[in-house]
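In: pasting a predicted model and its sequence here:
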Amino acid sequence: MIPLLRRLALANIIANVAIVVTGGAVRLTGSGLGCPTWPRCTDASYVPNGEMGIHGVIEFSNRMLGWVVGAVALATLIAAFVHHRRERTPGSRGLNRLALGVFLGIPAQGVVGGITVLTNLNPWVVGLHFLASIGVLVAAYALWRRTVDGPGPRRTVVPGPLRQLTWVLTVVSFAVVALGVIVTGSGPHAGDADAHRTGVDPETISQVHADVVFLLLGLTLAVWFAARATGARRTARAALVLLAIELSQGVIGFVQYFNGLPEILVGLHMFGACLVWLATLSVLWSTRANSGGDGVGEALLGAAGGAEEQRGLGELQLDQDRGAVVGGDQVDPRVEQPVNAAGDR
């Protein structure tokens, strides 16, 4: 059951990224109100009519993809439920809860999407629609990683300061994504010619966004160096992947900004934002391991315990060397009785 659940969990990640990209296509083609009402496409029909043209087709197609994403989430929930019925373990219960979280996130997304249409593409609601997808991706990624690593209890396998640094990295990464949403809401791609903008100065918010991006790059490098220094190889690899995606995303961002925000580059930038977020989650996840899984956590913890044991033995030997001379006698560490320093004659 786990192999099937693993595939379905991965399908959830792919489907939720796809709905973000197609939602971006709806906005970038000016089709945000291609279906001007919700849940119907028009007041009289659930499907677009010929008079609505290509914009109606694009918006309606995105709505239909939402049903596909929901079907994948439902299949995942059923698979997780069947697995839990067979296993009856805390780990299988955790998988079941994550699958339920992913599934419930889909109709919640649909409701936010409906509010987006009913508010005539209010840019703040549109931004919330995107951030809700980011939240669903968290649950989908956690579900997939649990199926890969095993559902057993997890524990931290890196030093505490490094774990804290990865949390700071995660918060800043989310801030970058959120600021990117505000940048888009202040720009020209509103989804419809009559849709309002946030009113935030585009140049100012773009500069703030870029500043936080540079902070994220610095934090990613810091995590990479710290992970290498402490021997946390999984975290170092994950940070390196994140850094590569960030640099690619930065190039796209600068090119689109200085070329008038062409639609294709804006769409790629939205896709890149999802990749940055998933890579960030990978870094955070790499700091913990399944205590009953692939042995990585045990190996690291065992190495740490061995180092601690060696340190303790070293301190014991040092104490013997320093404090064993009492009245001309010194302790030979091989025996329990003191030996006269001058020797017995």
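Out: Sure thing, it's come through. Numbering: from 1, shown residues only.

In: drop to CA atoms for contacts and neighbour counts, all remaining ones
Out: Noted.

In: could you break the chain into its assigned domains?
Out: For the chain, the structural domains run 1-152, 154-304, going by automatic domain parsing.

In: make JSON lines out of those and add mean neighbour count.
Out: Formatted as JSON lines, these follow (neighbours: other C-alpha atoms under 10 Å):
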{"stretch": "domain 1-152", "mean neighbour count": "19"}
{"stretch": "domain 154-304", "mean neighbour count": "18"}
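
In: and these as JSON lines, adding mean pLDDT?
Out: JSON lines is the format used below for the domains of the chain (pLDDT from 0 to 100):
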{"stretch": "domain 1-152", "mean pLDDT": "88"}
{"stretch": "domain 154-304", "mean pLDDT": "87"}
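
In: work out which residue lies at the spatial centre of this protein.
Out: By C-alpha atoms, centre = their mean, the mean C-alpha position of the chain lies nearest to Leu281, the distance being 2.7 Å.

In: quick check: that residue touching Thr170?
Out: Yes. Using C-alpha atoms under 8 Å, Leu281 makes contact with Thr170 at a distance of 7.3 Å.

In: correct me if wrong: His83 contacts Ser92.
Out: Yes. Using C-alpha under 8 Å, His83 is in contact with Ser92, at 6.7 Å.

In: excluding its backbone neighbours, what's nearest Pro159?
Out: Closest residue to Pro159 apart from its sequence neighbours, by C-alpha to C-alpha, 6 or more residues apart in numbering: Thr230 at 7.6 Å.

In: now the one you found: how far from Gly250?
Out: Distance, Thr230 to Gly250, by C-alpha to C-alpha, to the nearest Å: 29 Å.

In: check Leu143 too.
Out: Counting by C-alpha to C-alpha, the gap between Leu143 and Gly250 amounts to 29 Å.

In: same check, this time on Ala25
Out: Distance, Ala25 to Gly250, by C-alpha to C-alpha: 21 Å.

In: all strands of the stretch 101-250 of the chain, in order?
Out: Here the stretch 101-250 of the chain has its strands, by DSSP state E, counting those that start in this stretch, at 154-156.

In: those helices in it, which residues are they?
Out: Listed in chain order, the helices of the stretch 101-250 of the chain (DSSP state H, counting those that start in this stretch) span 123-149, 160-186, 202-230, 233-257.

In: take these and lay them out in a markdown table including distance to Arg40.
Out: Shown next, in a markdown table, are those (distance: least, C-alpha to C-alpha, whole Å):
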| stretch | distance to Arg40 |
| --- | --- |
| helix 123-149 | 19 |
| helix 160-186 | 25 |
| helix 202-230 | 34 |
| helix 233-257 | 35 |
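
In: contacts only, for Gly110.
Out: By C-alpha atoms under 8 Å, 6 or more residues apart in numbering, the residues touching Gly110 are Gly66.

In: mind checking the SS state of Val47?
Out: Under DSSP: H, G, I helix; E, B strand; the rest coil, the three-state class of Val47 is coil.

In: Thr287 is in contact with Pro161, isn't it?
Out: No. Taking contacts as C-alpha under 8 Å, Thr287 lies outside contact range of Pro161: 11.0 Å.

In: mutual contacts of the two, please.
Out: In contact with both Thr287 and Pro161: no residue, using C-alpha under 8 Å, 6+ apart.

In: Thr22 versus the residue lying closest to Glu263 once chain neighbours are set aside, what's the distance?
Out: Closest residue to Glu263 apart from its sequence neighbours, by C-alpha to C-alpha, 6+ apart: Leu28 at 5.9 Å. Distance, Leu28 to Thr22, by C-alpha to C-alpha: 10 Å.

In: same thing with Ala73?
Out: Per C-alpha to C-alpha, Ala73 is found 18 Å from Thr22.
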